[in-house]
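In: requesting a structural model of the entry that follows:
(one chain, ligands or ions: 1)
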Amino acid sequence: MIFETVATIASFGGRLLKLKHAAKSTNCEMALNLYLPPQASNGKVPVLFYLSGLTCSGDNCAEKGFFQHSASREGIAVVYPDTSPRGLQIEGEDDSWDFGTGAGFYVNATKEPWTKGYNMYSYIVDELPEALFSEFPVLDSSSLGITGHSMGGHGALTIYLKNPDKYKSCSAFAPICNPINCAWGQKAFKGYFGEDQQDKWKEHDATELVKNFGRPLALLIDVGTGDNFYKQGQLLPENFVKAAEEATHLSGVTLRMQPDYDHSYYFISTFADDHVKWAAKYLL
Ligand SMILES: N[C@@H](CCC(=O)N[C@@H](CSC=O)C(=O)NCC(=O)O)C(=O)O
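Out: Okay, here's the model as predicted:
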């Protein structure tokens, strides 16, 4: 057994499993939630990965994102992973809310001491799915989608753009779209890669990646006009859309600016159904 099931919770006719496992890439025990829709009792189901934002664990969205509502109707499993390794005893890992614990940024750190376990890219793309598919054969490894919020939206976009054959759908809520040009991204990339590693920074910047994507795009992005982090220039969705349009001339990026919505889970839960339905279009 790879996973220990800590709790099983009935949700929208399916089951939310609270799991933990020892992960090699992050060098620690990782907790996550896995939602199995009712259809998982009768056969394989597609899988949607939801990547959370800064300060979150796998619990925020499972408890208040309302993804299970549509996932149950569509017959899609949802994986809610954690956002960083925890308890690695690295000096400074708990000093700020936007770096270190709860802020792994879905990259593999190349700078000491973060190389000790800040490998969230490998964990999300390789180790976690492989472990889930081996222990839960009901999950259809050939039908994967990815979505996320804020830092997790950055994770969803970059992971999709780097692995378009692995994921069939991608969407994001208020994603950090151009981290090399915003304060959150610059702090994280300086810490995890080093200040002088500009090529490495670009490898994890959705706006840079989309310039060389070279395929038709189909992405749904929602951003609230009342989102303070958007207003502060942390998200920069317009930079991403402009780069996508210039690169493909036929950008399939649907950017919806949602009037008055903020950055919170009130915003995410309002549009969760749309994102699950978006995934269903490509996964089912
Ligand atoms: N502590 C911070 C605010 C942190 C915050 O808003 N986190 C967001 C994600 S931000 C981008 O990745 C979040 O999802 N929080 C969890 C929640 O349940 O709302 C501050 O003081 O500003």
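In: so what's the closest residue to V45 other than its chain neighbours up against?
Out: Closest residue to V45 apart from its sequence neighbours, by Cβ to Cβ, 6 or more residues apart in numbering: A77 at 4.9 Å. Glycine gets a C-beta too; all of them are placed from N, C-alpha and C. Contacts for A77 (Cβ atoms under 8 Å, 6 or more residues apart in numbering) come out as L34, Y35, L36, P37, A40, V45, P46, V47, L48, A71, V138, L139.
In: wait, the last one sits on L132?
Out: Just to be clear, that refers to L139. Yes. Counting by Cβ atoms under 8 Å, L139 touches L132, with 5.8 Å between them.
In: anything in contact with each of the two?
Out: Joint contacts of L139 and L132 (Cβ under 8 Å, 6+ apart) are V47.
In: how much space between the spatially most central residue of the chain and the ligand?
Out: Residue closest to the average C-alpha location in the chain (Cα atoms, centre = their mean): L51, at 2.5 Å. With distances taken as Cβ to the nearest ligand atom, to the nearest Å, L51 is found 10 Å from the ligand.
In: how about Y230?
Out: 11 Å.
In: select the longest helix from this protein.
Out: For the chain, the longest helix by residue count, based on DSSP state H, is helix 265-283.
In: same for it, what does it pack against?
Out: strand 45-51, helix 59-64, helix 67-74, strand 139-148, strand 169-173, strand 219-224, strand 253-258 (3 or more Cβ pairs under 8 Å, 6 or more residues apart in numbering; DSSP states H and E).
In: again, 7 Å this time
Out: Helices and strands touching helix 265-283, as assessed by 3 or more Cβ pairs under 7 Å, 6 or more residues apart in numbering; DSSP states H and E, comprise strand 45-51, helix 59-64, helix 67-74, strand 139-148, strand 169-173, strand 219-224.
In: need those in a markdown table with distance to F12 and mean pLDDT, can you?
Out: Listed next are the helices and strands packed on helix 265-283 as a markdown table, based on distance: least, Cβ to Cβ, whole Å; pLDDT from 0 to 100:
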| stretch | distance to F12 | mean pLDDT |
| --- | --- | --- |
| strand 45-51 | 14 | 99 |
| helix 59-64 | 12 | 98 |
| helix 67-74 | 4 | 98 |
| strand 139-148 | 18 | 98 |
| strand 169-173 | 20 | 98 |
| strand 219-224 | 22 | 98 |
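In: need the ones you listed in TSV (columns: distance to W184).
Out: As requested, these are exported to TSV (distance: least, Cβ to Cβ, whole Å):
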stretch	distance to W184
strand 45-51	15
helix 59-64	17
helix 67-74	24
strand 139-148	14
strand 169-173	15
strand 219-224	15
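In: how near is A31 to the ligand?
Out: 16 Å.
In: tell me what the helix or strand where that residue lies is packed against?
Out: Assigned by DSSP states H and E, A31 falls within strand 28-36. Under the contact criterion of 3+ Cβ pairs under 7 Å, 6+ apart, strand 28-36 touches strand 14-23, strand 77-81.
In: now the residue lying farthest from the centre of the chain: how far from G75?
Out: Distance from the centre of the chain peaks at N42, with 27.7 Å (Cα atoms, centre = their mean). Per Cβ to Cβ, to the nearest Å, N42 is found 9 Å from G75.
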